[in-house]
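A.B. asks: Got a predicted structure here, sequence first:
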Amino acid sequence: MVMVITSVYTLVGRVPCFLDVLLNEKKTMYAVNLLTHLEHAKSPPSDLEVVPVNSPSLRRRIKCEERVSYPIIHPVTEKETEWINIDPLIRRSKKILEEFHPPTTSQFKSLNALQKMTFSLQKLGSGQNYNPKFKDSIHFDDYFTHWEELMTRAAEWLMHSEQFYGLPEHERLNFFKIVWGVWRRFERNAMSVKVFFQRCLDEKLLVISDDMATRIDNFHVDYSDLIENQFDRFRKTIRKNFILYFDAVMRPCLEWNFTDTEINFALSQIVWNYASRKLLGQTLHASDALLSEISENLHEYYRNEMRLKNYAPRLAVLMEMVNGVLVSRKINKLSEDFFQKIQVEHEKVMEIVFLFDSLHFILSDPSFFCV
């Protein structure tokens, strides 16, 4: 069983300690083989049971012509589910990771590491509509389209870092897989502050894309064309993490009015610290180098541009925000102090979701969505 856990860890992170109790060895090995295949699959494994063509659920899904998917029987739950190829979703971001080159102008080259990242995020966010349309519901495929755009932005932002750009191509992809979701959540929360100010906290508002926003309490993803719509149950599970993000990121951004440079410093800290905990070798060395460099850059920014003689309180809040996302955040509730680990809790939820088919679909490369 040790070999089984190692195999799963490579693809989906930690395995719940109660997995062996819930699943017999045969099903566990089948699930591991399935996940191993999915990492590079363009079609379902040949040994999966395919749903008959006259299945009512299959007829409902035929209308989604752009989605490359197949109905299958899940090897663990033994229930009908959907296998979805995400290659079309990640194609653009993978191309950026392989081919993108940062600007070569003398002006860009004269910027320090933190300034380059700030320049990139400002450019990527320049299309944001500050009066977006509100939607309470979005179709599953449309939601993935928004994610595709944010994936490409995360990839381009990363490629503006010399340390990331200098990594081997395969390490860049592995790095990107595990951080793009973390990048997206922080960037969208920070952008929501710029768009809505205090309203984002009072009304729990979040920008989904350049032109769309939602109220988290009412947000609903419609994938009724899949086998079974379980999003309401899933939303209740992840809503806690949404609210924790509001408190950990939006509140300090509002109270301290952090600048774009400070936001990029925090985002870089979150992304590179998170990646260095999961990847070793060149990535770990690159992380140490970049974090050291941007710390010096921030010191210069505080002294030379903001003209702050004592920036320690401001920096302390900034790092508390970083730790609130990555490590833990102390929250007072009903006069009791307890710690919530936002990112860790989110990963636990996603592990259970994918291992036990809670959403009734399997992705061809689940490692992109386990964070």
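C.D. replies: That came in fine, so what should we check first?

A.B. asks: list the helices and strands the biggest helix by length in the chain packs on?
C.D. replies: Using DSSP state H, we find that the single longest helix of the chain is helix 169-196. With contacts taken as 3 or more CB pairs under 8 Å, 6 or more residues apart in numbering; DSSP states H and E, helix 169-196 sits against helix 87-99, helix 140-159, strand 205-207, strand 212-215, helix 231-245, helix 251-256, helix 260-278, helix 282-300. Any C-beta I mention is one placed from the backbone N, CA and C, and that applies to glycine too.

A.B. asks: Next, the angle from that helix to helix 87-99.
C.D. replies: In terms of direction (axes from the mean of the first three to the mean of the last three CA atoms, to 10 degrees), helix 169-196 departs from helix 87-99 by 110 degrees.

A.B. asks: what inclination does helix 169-196 have with respect to helix 282-300?
C.D. replies: Going by the same axes, to 10 degrees, helix 169-196 makes 40 degrees with helix 282-300.

A.B. asks: What residues of helix 169-196 count as buried?
C.D. replies: Across helix 169-196, burial judged by 16 or more other CB atoms under 10 Å covers 171-193, 195-196.

A.B. asks: Next SSE downstream of it?
C.D. replies: Under the assignment DSSP states H and E, the closest C-terminal helix or strand after helix 169-196 is helix 199-202.

A.B. asks: Mind listing residues that contact that following helix?
C.D. replies: For helix 199-202, contacts defined as CB atoms under 8 Å, 6 or more residues apart in numbering pick out Ser192, Val193, Leu205, Leu206, Phe246, Met250, Arg251, Leu254.

A.B. asks: Looking at stretch 256-265 now, give me its mean pLDDT.
C.D. replies: Averaged over stretch 256-265, pLDDT sits at 97.

A.B. asks: Likewise for stretch 320-340?
C.D. replies: 57.

A.B. asks: Check stretch 96-106 too.
C.D. replies: Stretch 96-106 shows an average pLDDT of 94 in the prediction.

A.B. asks: Show me what counts as buried in that stretch.
C.D. replies: By neighbour count on 16+ other CB under 10 Å, the buried set for stretch 96-106 is Ile96, Leu97, Pro102.

A.B. asks: try stretch 263-279
C.D. replies: The neighbour-count check on stretch 263-279 (16+ other CB under 10 Å) flags 263-276, 279 as buried.

A.B. asks: Could you export that stretch as PDB, CA atoms only?
C.D. replies: C-alpha atoms of stretch 263-279 as PDB (Å, rounded to 0.1, in the frame of the first residue of the first chain):
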ATOM      1  CA  ILE A 263       0.100  43.200  -3.800                       C
ATOM      2  CA  ASN A 264       2.700  41.800  -6.200                       C
ATOM      3  CA  PHE A 265       5.100  41.200  -3.400                       C
ATOM      4  CA  ALA A 266       2.400  39.300  -1.500                       C
ATOM      5  CA  LEU A 267       1.400  37.300  -4.500                       C
ATOM      6  CA  SER A 268       5.000  36.400  -5.300                       C
ATOM      7  CA  GLN A 269       5.500  35.300  -1.700                       C
ATOM      8  CA  ILE A 270       2.400  33.100  -1.800                       C
ATOM      9  CA  VAL A 271       3.100  31.500  -5.100                       C
ATOM     10  CA  TRP A 272       6.800  30.800  -4.600                       C
ATOM     11  CA  ASN A 273       6.600  29.700  -1.000                       C
ATOM     12  CA  TYR A 274       3.700  27.400  -1.900                       C
ATOM     13  CA  ALA A 275       5.600  25.900  -4.900                       C
ATOM     14  CA  SER A 276       8.900  25.500  -2.900                       C
ATOM     15  CA  ARG A 277       7.000  23.300  -0.300                       C
ATOM     16  CA  LYS A 278       5.900  20.900  -3.000                       C
ATOM     17  CA  LEU A 279       8.800  21.000  -5.500                       C
END
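
A.B. asks: how about low-confidence regions in the stretch 51-200 of the chain?
C.D. replies: 51-68, 70, 77 (pLDDT under 70).

A.B. asks: same thing but at 80, please
C.D. replies: For the stretch 51-200 of the chain, the stretches flagged by pLDDT under 80 are 51-89, 140-141, 144.

A.B. asks: which one of the buried residues of stretch 96-106 is nearest Ala213?
C.D. replies: Of all these, Ala213 sits closest to Ile96, with 25.8 Å by CB to CB.

A.B. asks: out of everything not next to it in sequence, what's closest to the closest one?
C.D. replies: Distances taken as CB to CB, 6 or more residues apart in numbering place Ala155 nearest to Ile96, at 4.2 Å, with adjacent residues excluded.

A.B. asks: Next, the contact list for the one you found, please.
C.D. replies: Ser93, Lys94, Ile96, Leu97, Phe100, Phe176, Trp180.

A.B. asks: what sits against the fourth one?
C.D. replies: Counting by CB under 8 Å, 6+ apart, Leu97 touches Ala155, Leu158, Met159, Glu169, Arg172, Leu173, Phe176.

A.B. asks: With the second one instead?
C.D. replies: By CB under 8 Å, 6+ apart, the contact set of Lys94 is Ala155, Leu173.

A.B. asks: measure it to Trp157 for me?
C.D. replies: From Lys94 over to Trp157 the distance is 15 Å, taken as CB to CB, to the nearest Å.

A.B. asks: all strands for the stretch 1-150 of the chain, in order.
C.D. replies: Assigned by DSSP state E, counting those that start in this stretch, the strands in the stretch 1-150 of the chain fall at 69-73, 80-84, 133-134, 137-139.
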